[in-house]
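**Q** Provided below for reference: sequence and predicted model.
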Amino acid sequence: MKRAIVQLGEFLTLKRGYDLPEHARLPGEIPVVSSSGITGTHKEARVAGPGVVTGRYGTLGEVFYIDEPFWPLNTALYVQDFKGNHRRFVSYFLKWVLNGTESNKAAVPGVNRNDLHARKVGVPEDVGEQASIASTLSAYDDLIENNRRRIALLEQAARLLYKEWFVHLRFPGHEHTPIIDGVPEGWEKKPLGTVAPLKYGKALKNDDRVPGPFPVYGSSGIVGTHAKALVPGPTIIVGRKGNVGSLYWSPDDCHPIDTVYYIDSENSSLFLYYALQQMTFISTDVAVPGLNRDFAHSRSLLVADQKILRLFEDTASPLHQQMELLKRQNASLAKARDLLLPKLMNGELA
């Protein structure tokens, strides 16, 4: 299909977002959108939805379609004027245009709005064709979002099960189990360090990573892949620097980097994963936020008897197996969508 060659600024207008420090945000339902997506809420919107947001500083090349009024932060650019183009199409078009975008600032990573506006691009001018392309691609995203909701519900079910058994102490057979000093008979409070010692992740810079099948974990979750794993799965990852106390369950072999601790596969369990979610890991380093390992190891953990622990694993494992299946489906859907994207945008496919 024919494409008109124009400057990006003739197709749409990007504008910088607005300052809104966390301490100035008020309780509300309006999403606050940064360069990495929705990062909070506020009671007031600056932009009427639906809208499109991309990163100006920080995370670059990501594009977010926001279907409601929102507040774009100053780390982001948002589409101020769609110039009559299909809005959902514009979100996919920007994702295609910005793929591989890198900073043009040496000291502070960022992109220049004027440089983006001057970029030459090929665009379908027919809004009907734009709508058709958006419909094709959004079908994949709708399936992905539906799976994400199902994953969230499954994890919520496992979390509620943990609380029912180990917080409210309504575990199977609780009616016949004596409670001694607030602890069921046969259970024991132990320091975390004696149950599951935290081990340090290993540094792996972006330049040293070789894309492969093994996820690389930082304190914000999966931050890439690598050709070699550092530890076998399953393992629990605990944020050490940055997102202090963040928790991730990896069923597969992986590489935890130096911003996290990990618990090795011999000591990792779904019981422990949900138990750690009940702990409050407070940053203990004023200058650089971080989780002190000795402090974490001193935290008390209520450990059930082996019969109850095995029963919990047997009950929670099928939920996690369903979650992993849905995550793999989403990875396949995203891969198929991303293969279609350039072909639809350049007119190779109609």
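**A** That came through, no problem. Residues are numbered from 1 along each chain as shown.

**Q** going forward, measure contacts between C-alpha atoms and count neighbours the same way
**A** Will do.

**Q** Provide a complete list of residue ranges assigned to strands in the stretch 151-300 of the chain.
**A** Assigned by DSSP state E, counting those that start in this stretch, the strands in the stretch 151-300 of the chain fall at 179-180, 183-184, 188-191, 199-200, 214-218, 221-226, 235-239, 247-250, 255-256, 260-263, 300-303.

**Q** average pLDDT for the first one?
**A** Model confidence over strand 179-180 averages 92 on the pLDDT scale.

**Q** Partner strands of that strand and their direction?
**A** Partner strands and pairing direction for strand 179-180 (DSSP bridges) are strand 183-184 (antiparallel).

**Q** The strand it pairs with - what's its average pLDDT?
**A** 95.

**Q** Mind listing residues that contact it?
**A** 177, 178 (C-alpha atoms under 8 Å, 6 or more residues apart in numbering).

**Q** How about stretch 330-343?
**A** So stretch 330-343 is contacted by 92, 96, 137, 140, 141, 143, 144, 147, 349 (C-alpha under 8 Å, 6+ apart).

**Q** Let's see if you can find the most crowded of those residues.
**A** Within those, neighbour counts (other C-alpha atoms under 10 Å) peak at residue 92, which reaches 24 neighbours.

**Q** thinking residue 219 is in contact with residue 236, fair?
**A** No. Assessed by C-alpha atoms under 8 Å, residue 219 is found out of contact with residue 236, at 11.7 Å.

**Q** returning to what we had before: which ones among the contacts of stretch 330-343 lie within strands?
**A** Taking DSSP state E, every one of the contacts of stretch 330-343 sits outside strands.

**Q** Just send those residues back as a markdown table, with distance to residue 79 and pLDDT too.
**A** Converted to a markdown table, these look like this (distance: C-alpha to C-alpha, whole Å; pLDDT from 0 to 100):
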| residue | distance to residue 79 | pLDDT |
| --- | --- | --- |
| 92 | 13 | 96 |
| 96 | 15 | 93 |
| 137 | 20 | 97 |
| 140 | 23 | 97 |
| 141 | 20 | 96 |
| 143 | 25 | 97 |
| 144 | 24 | 97 |
| 147 | 28 | 98 |
| 349 | 26 | 83 |
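
**Q** what's the most distant pair in the residues you listed?
**A** Greatest spacing in the contacts of stretch 330-343, by C-alpha to C-alpha: 147 and 349 (27.2 Å).

**Q** and residue 7, what pLDDT?
**A** 96.

**Q** before we move on, the earlier item: highest mean neighbour count across the strands of the stretch 151-300 of the chain, which stretch is it?
**A** strand 255-256 (a mean of 30; mean count of other C-alpha atoms under 10 Å).

**Q** Name the residues of the helix or strand hosting residue 122 that come out as buried.
**A** In this assignment (DSSP states H and E), residue 122 forms part of strand 120-123. Of the residues in strand 120-123, 121, 122, 123 count as buried by neighbour count, 16 or more other C-alpha atoms under 10 Å.

**Q** Break the chain down into its domains, please.
**A** Domain assignment for the chain by automatic domain parsing gives 4-125, 130-178+304-350, 188-303.

**Q** Okay, buried residues for the helix or strand that contains residue 6 please.
**A** Assigned by DSSP H and E, residue 6 belongs to strand 4-7. For strand 4-7, a neighbour-count test (16+ other C-alpha under 10 Å) marks residue 7 as buried.
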